[in-house]
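Q: prediction below, plus the sequence it came from.
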Amino acid sequence: MTDYKNLKLIASSSPHIRSNENTRSIMLDVIIAMLPALAMSVYVFGARALVLTLISVAACVFWEWGYRKVMKKSSAIGDLSAVVTGMLLAFVCPVTAPYWMIIIGAFFAIVVVKQLYGGIGCNFLNPALAGRAALLASYATAMTTWVAPGTRAPIFGAADVTTAATPMAMMKEGAFEALTGTYSVSDMFIGQIGGSIGEVSALMLLVGGIWLLIRKVISWQIPVAYIATVAIICLIAAPAGVNAVSYMAYNVFGGGLMLGAIFMATDYATSPVTKPGQIIFGIGCGLLTVFIRRFGSYPEGVCYSILIMNCCTWLLDKYIRPTIYGAPKKEKKEAAK
């Protein structure tokens, strides 16, 4: 007879699910998905795009390791979440951003937004976007200086480079004819435009998004709802005298829409858990993006739209819950309160 009293059993709560997926494998898939966009940025802007990304990644990993070391917590750099944050932070910055500035942004993203709230899964804002917002508020000139496509920014030093307005800035100024004369729709789609490191090529971002969908790292609800909302509104509310289809295409392929919809808005910790909640979340991001682009001070609205909807995630999770199987209607209503 087995002596059950002497067995070393581990009791844990259900459900008991065995899976090969873990945080590290998910983050690795996200890193792989971002590589095409990174490669395109190096092609468009030169080696400085790669160096800036590597410095951002190193800074994020260092700040995470250092904070947890000081607080005497177990190291979490092995889950690769800091690497993802570092890549995304670099992706939403211009290639000419000073290296010291990206290190400050990494500190804000990792320590202030992520670790002070408990680490991975506990933050309510997307760390990379919050880091960008902090840098934009503190160093507006450096964060809004864009090099012309094809201009190779120097790896070291502050040599003069050819600057140019981004498509979103030209659209904000009402120079839509000048925009269409400077950049074609194919330029916008492939990535022969100026802008932040990771947002220039909608094609490469879509390739990464398809990889994430195939790997089931993200679901389609948020990206499709987000992009479709922007597309539909731009078709309906195009400025007078502007071709609606062209206006829609430039809004969809320009700026950080693809990057935000695929890689930022789908962040597990800061987006709703239910499918209906995710669709509403994506629609909200799309509405705010168009509103900021048309009526706000900034030509781009993706960053702030996602951050605002991040703050609404708890509300969507509270009121859009799956019904309890087999529970009476009264109990279901009480459970939703």
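A: Received it, and whenever you're ready, just let me know what you need. Numbers count the residues shown, from 1 in each chain.

Q: could you measure from the residue positioned nearest the centre of the chain over to residue 243?
A: Nearest residue to the geometric centre of the chain (Cα atoms, centre = their mean): residue 264, 2.2 Å. Applying Cβ to Cβ, to the nearest Å, one obtains 29 Å for the distance of residue 264 from residue 243. Heads up, the C-betas are built off the backbone N, CA and C, glycines and all.

Q: contacts only, for the residue nearest to the centre of the chain.
A: 88, 126, 128, 129, 302, 306 (Cβ atoms under 8 Å, 6 or more residues apart in numbering).

Q: same thing with residue 192?
A: Contacts of residue 192 by Cβ under 8 Å, 6+ apart are 44, 149, 150, 183, 200.

Q: just the pLDDT at the residue nearest to the centre of the chain, thanks.
A: pLDDT for residue 264: 93.

Q: repeat for residue 1
A: pLDDT, read off for residue 1, is 51.

Q: then the one 5 residues further on?
A: Per-residue confidence at residue 6 stands at 62 (pLDDT).

Q: quick one: low-confidence parts of the stretch 101-250 of the chain?
A: By pLDDT under 70, the low-scoring segments of the stretch 101-250 of the chain are 157-164.

Q: now do the helices in it.
A: Applying DSSP state H, counting those that start in this stretch to the stretch 101-250 of the chain gives helices spanning 127-138, 140-143, 167-172, 176-182, 185-190, 202-214, 221-236, 244-253.

Q: the shortest one - contacts with which helices or strands?
A: To tie it back to what came earlier, the one meant is helix 140-143. Helices and strands touching helix 140-143, by 3 or more Cβ pairs under 8 Å, 6 or more residues apart in numbering; DSSP states H and E, are helix 127-138.

Q: if we go to 7 Å?
A: The contact analysis (3 or more Cβ pairs under 7 Å, 6 or more residues apart in numbering; DSSP states H and E) places helix 140-143 against no helix or strand.

Q: likewise for the last one?
A: Under the contact criterion of 3+ Cβ pairs under 7 Å, 6+ apart, helix 244-253 touches helix 185-190, helix 221-236.

Q: so which of those comes closest to residue 249?
A: helix 185-190 (5.0 Å; Cβ to Cβ).

Q: go through the closest one and flag the buried ones.
A: 188, 189, 190 (16 or more other Cβ atoms under 10 Å).

Q: identify the residues contacting the first one.
A: Taking Cβ atoms under 7 Å, 6 or more residues apart in numbering as the criterion, residue 188 is in contact with 167, 202, 250, 253, 254.

Q: ok, those residues vs residue 145, which is closest?
A: residue 167 (15.7 Å).

Q: how far away is the closest one from residue 113?
A: Distance, residue 167 to residue 113, using Cβ to Cβ: 29 Å.

Q: now do the SS call for the closest residue to residue 106 other than its chain neighbours.
A: The spatial neighbour of residue 106 that comes closest, neighbours along the chain excluded (Cβ to Cβ, 6 or more residues apart in numbering), is residue 59 at 3.6 Å. Classification of residue 59 using DSSP: H, G, I helix; E, B strand; the rest coil returns helix.

Q: related to what we said a few turns ago, so what does the residue nearest to the centre of the chain have for phi and psi?
A: phi -100, psi -50 (degrees, to the nearest 10).

Q: surely residue 222 meets residue 276?
A: No: if you go by Cβ atoms under 7 Å, residue 222 and residue 276 don't touch, sitting 11.6 Å apart.

Q: what touches both of those two?
A: Joint contacts of residue 222 and residue 276 (Cβ under 7 Å, 6+ apart) do not exist.

Q: so between these two, which is more surrounded?
A: Using other Cβ atoms under 10 Å as the criterion, residue 222 and residue 276 rank with residue 222 on top: 28 against 13.

Q: distance of residue 283 from residue 121?
A: Distance, residue 283 to residue 121, using Cβ to Cβ: 25 Å.

Q: who has more neighbours out of residue 167 and residue 113?
A: residue 167 (25 against 22).

Q: what residues are up against the closest residue to that one other than its chain neighbours?
A: Among residues not flanking residue 167 along the chain, residue 254 sits closest, at 4.2 Å (Cβ to Cβ, 6+ apart). With contacts defined as Cβ under 7 Å, 6+ apart, the neighbours of residue 254 are 167, 168, 188.
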